[in-house]
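Participant: Sharing a sequence plus its predicted fold:
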Amino acid sequence: MLLWETFTLFLAAATAVAASPQYRRDNTTSVWNTTVCSEDQLDISKEWTNMSSSEKTAYITAEKCLWDLPTTSGLTGATTRFEDLVALHQNMTPTIHAVESPGAILAIPSFIHEITQAPAANRMQLHWTHDASLTFHLLTCNYINSPILDADTGFGGNGSSVDLCVVDGPFANSTVHVGPSTSDTPEGYCLKRKVNEVFAAGAAQSVIDGCMNITDYANACIWCIGASPHTAGHGGIGGGVAGSMGDIYVSPNDPLFYLHHAYIDRLWWKWQSADIETRLYEIGGYTRYPSTGINTTLDYELDLLGLWDNKVVGDVMDPHNSFLCMDYDY
Ligand SMILES: [Cu+2]
């Protein structure tokens, strides 16, 4: 299933999902983490352009470290710790990614949480980031010049016009092995990007404002945030489905994946925060990809295939709980 076909599915199934039940907080039956983390423990997720030069260097160094660590997952195709995460995403796409299901959004905080605890990472230095700078540059039709794509201080820029392989920055000429799609490539293939301003326009501020004005979880977070700004990050960096970010199964091959999804999580948190009593634990929609399966509930298990302890959806609803223990810088 291609990304843009999935986008059509978003639209086609919107009506059905709008009628699906919504699940709200019920402390009497909770099996998830409701322990509040203390304020002085919170990790602050910073927008990339708000990070200092040394913080940017530390973030990229830690992420590159995952490329150098050996695989421990036993998942087919993975050759490094970084690729363990890619293979986990590839394996779980049908059951918790679902693109149009909450699994995609809900699973990411736990992935990033673990990444920040990679052996090379000092959590005190390594803040989470998100890609509002990409959105900002959309407004001036200058996406390609976003500082996050800078070859010297960011993640490197566009792929080669010949084969889309990334040729500058810290991930230049990187070889990946998981994918494309559901396959594996033992001999390796290159990390690809094809920046596309048209696809990226789905993350324009006017679109985001529209999502924030929707009051129920499924229509706001799955069918609006999940469809427009989410898809814009994948298609805008991946050139639709040509580049690594456009590959539904293995989009985490591009290090920008994590920044983009941290940004989507931030949008979700902003939506929750607008009516925290009602929305903090509001969930709904289908679990499986494409739109089939059961309705997602707070006790639906997110299987992490032995990489870490499994979590349930309820564990990743509240950024201030003791598992996530994080907040945002704006
Ligand atoms: Cu995504």
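Facilitator: Cool, got the structure.

Participant: For the residue nearest to the spatial centre of the chain, pull up the helix or strand it's in.
Facilitator: Residue closest to the average C-alpha location in the chain (Cα atoms, centre = their mean): His261, at 2.4 Å. His261 is part of helix 256-273, with elements assigned from DSSP states H and E.

Participant: Run the chain-centre distance for that helix.
Facilitator: Between the centre of helix 256-273 and the centre of its chain there are 7 Å (Cα atoms, centre = their mean, to the nearest Å).

Participant: Give me the average confidence score over the helix or strand just after it.
Facilitator: Remark: after helix 256-273, the chain's next helix or strand is helix 276-279, criterion DSSP H and E. For helix 276-279, the mean per-residue pLDDT is 94.

Participant: just stretch 183-197 next, same as before
Facilitator: Per-residue pLDDT over stretch 183-197 has a mean of 96.

Participant: in it, what's buried?
Facilitator: Asp184, Tyr189, Cys190, Leu191, Lys192, Arg193, Lys194, Val195, Asn196 (16 or more other Cβ atoms under 10 Å). Quick note: C-beta positions are derived from backbone N, CA and C, even for glycine.

Participant: Would you mind putting those into CSV with distance to Gly157 alongside?
Facilitator: Output for these, formatted as CSV (distance: Cβ to Cβ, whole Å):
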residue, distance to Gly157
Asp184, 27
Tyr189, 19
Cys190, 14
Leu191, 12
Lys192, 12
Arg193, 7
Lys194, 11
Val195, 8
Asn196, 13
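
Participant: Am I right that Tyr328 is in contact with Tyr263?
Facilitator: No - between Tyr328 and Tyr263 there is no contact under Cβ atoms under 8 Å: 9.8 Å.

Participant: of those two, who's got more company?
Facilitator: Tyr263 (26 against 19; other Cβ atoms under 10 Å).

Participant: got the contact list for Cys325?
Facilitator: Listed by Cβ atoms under 8 Å, 6 or more residues apart in numbering, the contact set of Cys325 reads Cys37, Gln41, Leu42, Asp43, Pro319.

Participant: Which pLDDT value goes with it?
Facilitator: pLDDT, read off for Cys325, is 82.

Participant: Apart from its neighbours in sequence, what residue is nearest it?
Facilitator: Distances taken as Cβ to Cβ, 6 or more residues apart in numbering place Cys37 nearest to Cys325, at 3.7 Å, with adjacent residues excluded.
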